[in-house]
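>>> model this:
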Amino acid sequence: MDNINLIIGNNLNTYRKKRGYSLDKVAEMTGVSKGMLGQIERGETNPSISTLWKIANGLHISSTFLLEAEPNDLVIVKKKDIVPITEGNDKFSVFPTFAFDSNKKFEVLVVDLDVGCIHRSEPHENSTEEYLYVSKGEFQLTIQGNSYNLSEGDSIKFLADKAHEYRNNSKELSRLHIVIYYNNSL
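Residues are numbered from 1 along each chain as shown. Presented below is the predicted three-dimensional model:
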């Protein structure tokens with residue numbers, strides 16, 4: 001991926017202008033300050049996962065819409081070329097492998113949870129589904145008070161329109177491969 005900050009900034013700016021939104025309006029819709037939105041649009045900052053989620057949820061777009069580069073017929077993604085989006089002192093890292101495609105309505109992410117990581121995810125849009133595969137380690141997923149312990153090779157599918165939490169209580173890194181399917185048109 002090219003400079004991810006510039007891609008995010010350009011996509012946010014283009015989306016905002018196409019809809020005739022001011023920075024003030026987007027700040028009101030997302031809960032992200034006008035100053036921060038301006039820095040993001042200019043590519044001056046690397047927004048956190050929480051900030052990207054706030055923007056996506058407030059604008060009713062997918063989480064990786066802001067990460068989309070120009071489409072190609074064939075795409076090879078090298079992990080070394082992906083700029084991860086991190087949070088929690090880099091304990092939670094998202095590698096946006098394939099950004100949201102409005103024709104297919106899904107995105108593909110690789111997520112690393114370092115030892116001791118706890119990440120709370122806000123609810124996604126209504127009827128959004130997550131398909132998750134554990135490729136390394138083990139972790140605990142909690143959805144509305146119900147916890148599910150998953151280990152390497154395990155998979156789970158769930159409605160992600162409820163708050164959910166990822167927790168790595170193990171002594172090694174956990175790696176998740178996630179497909180997020182946006183059932184409603186975005």
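
>>> For the rest of this, base every contact and every neighbour count on C-alpha atoms.
Will do.

>>> chain center to the longest strand seen in the chain, what's the gap?
With residue count as the measure and DSSP state E as the assignment, the chain has strand 92-101 as its longest strand. Centre-to-centre, strand 92-101 and its host chain are 6 Å apart (Cα atoms, centre = their mean, to the nearest Å).

>>> Need the residues that contact it.
49, 62-65, 67-68, 77, 79, 82-87, 106-114, 117-119 (Cα atoms under 8 Å, 6 or more residues apart in numbering).

>>> Out of those residues, list just those in strands.
85-87, 106-113, 118-119.

>>> TSV for the residues you listed, including pLDDT and distance to S135?
Output for those, formatted as TSV (pLDDT from 0 to 100; distance: Cα to Cα, whole Å):
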residue	pLDDT	distance to S135
I85	86	19
T86	89	19
E87	85	21
F106	89	20
E107	90	18
V108	93	14
L109	94	12
V110	95	10
V111	96	10
D112	96	10
L113	96	12
I118	95	18
H119	94	18
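
>>> check which helix or strand covers V26.
V26 belongs to helix 23-30 when assigned by DSSP states H and E.

>>> Now tell me what touches the lengthiest helix in the chain from outside.
When the chain is parsed with DSSP state H, its longest helix is helix 4-18. Contact with helix 4-18 is made by 22-23, 26, 40-46, 65-69, 83, as judged by Cα under 8 Å, 6+ apart.
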